[in-house]
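Participant: Got a predicted model here, sequence first, then my questions.
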There are 2 protein chains.
Amino acid sequence: MAEATGKGEYFVGVDLGGTKILSGVFKNSLECIGSAKVSTKSQRGVEAVIERVARCVRDAADEADLSLKQVAGVGIGAPGAVDFGEGRVIFAPNMEGWKDVPLKKHLEKLLDVPVFVENDCNIAALGVHVAELKAKPKNLIGIFVGTGIGGGIIINGDLYAGFNHTAGEVGHMVLAVNGPKCGCGNKGCFEALASRTAIFQQIKAGVKDGEKTLLTEMLGDDLSDLRSGDLRKAIRRGDKFVDKVVESAAEYIGIGIANLVNLFSPEVVVLGGGVIEALADEMMSVLVETAQDYAMPGTMKGVEIIASKLGDSAGITGGAVLARRETK
Amino acid sequence: MAEATGKGEYFVGVDLGGTKILSGVFKNSLECIGSAKVSTKSQRGVEAVIERVARCVRDAADEADLSLKQVAGVGIGAPGAVDFGEGRVIFAPNMEGWKDVPLKKHLEKLLDVPVFVENDCNIAALGVHVAELKAKPKNLIGIFVGTGIGGGIIINGDLYAGFNHTAGEVGHMVLAVNGPKCGCGNKGCFEALASRTAIFQQIKAGVKDGEKTLLTEMLGDDLSDLRSGDLRKAIRRGDKFVDKVVESAAEYIGIGIANLVNLFSPEVVVLGGGVIEALADEMMSVLVETAQDYAMPGTMKGVEIIASKLGDSAGITGGAVLARRETK
């Protein structure tokens, strides 16, 4: 296939997640002028998902009253290990069958626009760095707490990916040897202690053990439709049990941040993802205090720990930043 | 004071440790042509230690039949947080009274040669990278296991220090929340699980609890003069208890490495320090295997985990590399 050659002046960012696909069309100024969302349906297989991504890109362009010919490039964040050079998803643990998928090649065939593939959290960190933080810190760590926990690292103003392009796997940093089992097979990973999955498991286990919570009044005993926002509601209505579980997760996030500050000495640590979006007011002060407690003397001086305001848009914004960078 | 101006063609590296000071004179080719060693005597106070450093530099120059006028610069590694720009030791936990010490200024006054101050493990990683590893990996992590555990990070071929110049504090990465107490005040730090201090504590606690070990035959019941080399001797003579303790430390080092590989995706992880020097044969295969077990799929591909052969010379070599770099 001939190399796709985008001639347009717009950039599309895509956030490919385990449950939903988001896309946005951005001007060179990074103003979003159209977006779209479809569910991922990963159980339908790899090819179907890639077609849904293409549809989501077309939908966003349509929302912005543009044709794909006006798009210079598409930047897409995928939830797993990525070979950036080849635009290949090496492995995406939360997506059925995603092993060694040449996403760039397939999408370019469907869209006839240059496509650039990155890890989803790398791209979100890039989005926050370029579009949200005016001071443009040289060194930044992004931590995204949702179903899992992922990270993105900016070093010397640029995305840092390392030798195998796998840097920033903060979620699988072991914090508690012999701690709770993680989806990756290890025990005591950061993700197994403080992700939404971990928080929900602790709440469900507590309910089974007879803990009292407003959540069962709100959602029924099986808590089948539990969301991060429900935790916030319960805490604000005085739910001590949920408060304790969320506070413990915030403490683990603080310890994770301290480890990262000790290792990377970043200027800014930015938090994002669904859990932080829903529970920033409940978690931020606890996690900042814990990070300060655990970090070595001198390492936290002047370091900012903040919650991103981009929310769900961090990924699509970062995708557009990537496409802009790679097509210039 | 006027800026010291070294005009010579030789470089001196100094490794300032809690118990001893090492210095070496190096040619531009990094060949060591003279070295010296004095004990630190940190209990005599900061000023006395700085005078001992100066003496150690003069002794090494004398060994090499040189005068200080022939030395272009001195690079010194200090065991703590360092303000590189100002040449100031911010805090050195194992040295009495070392808080905010303008080491560069004092030493330049004593030696009349430009002095550059770095963290000791940063400098050791730099020494290994420049003088030992022919392939010059772009990204490297050095882990030095001795009394404590320290690290040095090379990113894009250069020492990485981060925003507060404190990056690479690998020893205080929490691996076991609520684990054994660390000298830093936290619990479960890498250093509290796998340093020589931690290994010796476990052995002494075991002996108190009635564990049988050849070490008591070798050294008496109080094990007062225990050294890393004794552990090697005991293991080689079939000491099951010592073998178990050392293996457990090697496993923790493997988990620490996996965390660092997940976070940094380095090309090479190099191990050094007294514990590794004494016990490489006993520990390397266990720690490599554990690191491979714990690291995320894909992250270990092509990554080398090796023991440095520079031993005690890593620090002085790195000091000379730093001095060479800064005076050119």
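Facilitator: Yep, that arrived.

Participant: can you list the weak-confidence ranges in chain A?
Facilitator: For chain A, the stretches with pLDDT under 70 are A:1-7.

Participant: Now A:I33: which helix or strand?
Facilitator: strand A:32-39 (DSSP states H and E).

Participant: Next secondary structure element downstream of that strand?
Facilitator: According to DSSP H and E, the helix or strand after strand A:32-39 is helix A:46-63.

Participant: Could you tell me the angle between that following helix and strand A:32-39?
Facilitator: 150 degrees (axes from the mean of the first three to the mean of the last three Cα atoms, to 10 degrees).

Participant: Close to chain B: what parts of the stretch 1-150 of chain A are there?
Facilitator: Residues of the stretch 1-150 of chain A lying close to chain B (Cβ under 8 Å from any Cβ of the partner chain) are A:81, A:90-91, A:137-139. Backbone N, C-alpha and C define where each C-beta goes, glycine included.

Participant: which of these count as buried?
Facilitator: A:81, A:90-91, A:137, A:139 (16 or more other Cβ atoms under 10 Å in any protein chain shown).

Participant: need those in TSV with secondary structure, can you?
Facilitator: As requested, those are exported to TSV (DSSP: H, G, I helix; E, B strand; the rest coil):
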residue	secondary structure
A:A81	strand
A:I90	strand
A:F91	strand
A:P137	coil
A:N139	coil
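
Participant: Buried residues, the helix or strand encompassing A:I276. List them.
Facilitator: Following DSSP H and E, one finds A:I276 within helix A:274-294. Of all the residues in helix A:274-294, those buried under the rule 16+ other Cβ under 10 Å are A:274-280, A:282-284, A:286-288, A:290-292, A:294.

Participant: from the buried ones among the residues of the stretch 1-150 of chain A next to chain B, which two are the most distant?
Facilitator: Greatest spatial distance among these (Cβ to Cβ): A:F91 and A:P137, at 30.4 Å.

Participant: quick one, strands of the stretch 1-150 of chain A?
Facilitator: In the stretch 1-150 of chain A, the strands defined using DSSP state E, counting those that start in this stretch lie at A:10-16, A:20-26, A:32-39, A:71-78, A:81-83, A:88-91, A:99-101, A:115-119, A:140-145, A:149-155.

Participant: Mind listing the strands the fourth one pairs with, and their directions?
Facilitator: The strands beside strand A:71-78 in its sheet (DSSP bridges) come out as strand A:10-16 (parallel), strand A:115-119 (parallel).

Participant: Would you tell me which one of these is buried the most?
Facilitator: Among the strands paired with strand A:71-78, strand A:10-16 has the highest mean neighbour count (mean count of other Cβ atoms under 10 Å in any protein chain shown), at a mean of 30.

Participant: Okay, angle between that one and strand A:20-26 too, please.
Facilitator: Using the same axes, to 10 degrees: strand A:10-16 against strand A:20-26 is 170 degrees.

Participant: all strands of the stretch 151-300 of chain A, in order?
Facilitator: Taking DSSP E, counting those that start in this stretch as the criterion, the stretch 151-300 of chain A carries its strands at A:158-159, A:268-272.

Participant: The longest one pairs with which strands, and in what direction?
Facilitator: Each strand that pairs with strand A:268-272, with its direction, by DSSP bridges: strand A:140-145 (parallel), strand A:304-307 (parallel).

Participant: Most tightly packed of the ones you listed?
Facilitator: Greatest burial across the strands paired with strand A:268-272, using mean count of other Cβ under 10 Å, falls to strand A:140-145, with a mean of 29.

Participant: May I have the distance across stretch A:19-35, first residue to last?
Facilitator: Terminal residues of stretch A:19-35 lie 17 Å apart, using Cα to Cα, to the nearest Å.

Participant: now what about that stretch, what contacts it?
Facilitator: A:9-15, A:36-40, A:49, A:52-53, A:56-57, A:59-66, A:71, A:130-131, A:147, A:312-313, A:315-317, A:319-321, A:324 (Cβ atoms under 8 Å, 6 or more residues apart in numbering or on different chains).
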